[in-house]
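Visitor: heads up, no residue letters with this:
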């Protein structure tokens, strides 16, 4: 795995925190943390998108973020566990992984390519 895909994965993990923050932030500091997480997450995704196919980067970012957010809701916030939800996330991840596998990592030297 190259460093650009690692940026996408880290951005998706941080996305889980800012999505949770959007729902649970209640004061200046929690909102500040949420905004900082948004900035870092999107910065990493944008930097990876400069070197990797942007459509695939976005699909992986959203797919991993959705999965992480759903699991965090179940584990930390008491959202009811539903097998159909897990099945749909598995289908989503299968599509994201498939998209990643069929996309060539044509690392570009600059954004002009």
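Guide: Right, received. Where do you want to start? Everything numeric in this text was worked out from a predicted model, so none of it was measured.
Visitor: can you list the weak-confidence ranges in the chain?
Guide: The chain contains residues with pLDDT under 70 at 1, 105-113.
Visitor: Which residues does the longest helix anywhere in the chain contact?
Guide: Longest helix in the chain, counting residues (DSSP state H): helix 54-77. With contacts defined as Cβ atoms under 8 Å, 6 or more residues apart in numbering, helix 54-77 is touched by 5, 8-9, 11-13, 15-16, 19-20, 45, 48-49, 79-81, 85, 89, 92-93, 95-96, 99-100, 103. Quick note: C-beta positions are derived from backbone N, CA and C, even for glycine.
Visitor: got the buried residues for the helix or strand following it?
Guide: Beyond helix 54-77 in the direction of the C-terminus, DSSP states H and E gives the next helix or strand as helix 83-102. By 16 or more other Cβ atoms under 10 Å, the buried positions in helix 83-102 come out as 89, 92, 96, 100.
Visitor: Could you name the helices and strands sitting against helix 83-102?
Guide: Helix 83-102 sits against helix 54-77, with contacts defined as 3 or more Cβ pairs under 8 Å, 6 or more residues apart in numbering; DSSP states H and E.
Visitor: tilt between the helix it packs on and helix 83-102?
Guide: 150 degrees (axes from the mean of the first three to the mean of the last three Cα atoms, to 10 degrees).
Visitor: mind listing what's buried in helix 54-77?
Guide: Those would be 56-57, 59-61, 63-71, 73, for helix 54-77 by 16+ other Cβ under 10 Å.
Visitor: Let me see the contact set for residue 36.
Guide: Counted by Cβ under 8 Å, 6+ apart, residue 36 has zero contacts.
Visitor: Quick one: classify it as helix, strand or coil.
Guide: helix (DSSP: H, G, I helix; E, B strand; the rest coil).
Visitor: how close does it get to residue 46?
Guide: 16 Å (Cβ to Cβ, to the nearest Å).
Visitor: With adjacent residues omitted, what lies nearest to residue 44?
Guide: Distances taken as Cβ to Cβ, 6 or more residues apart in numbering place residue 11 nearest to residue 44, at 3.8 Å, with adjacent residues excluded.
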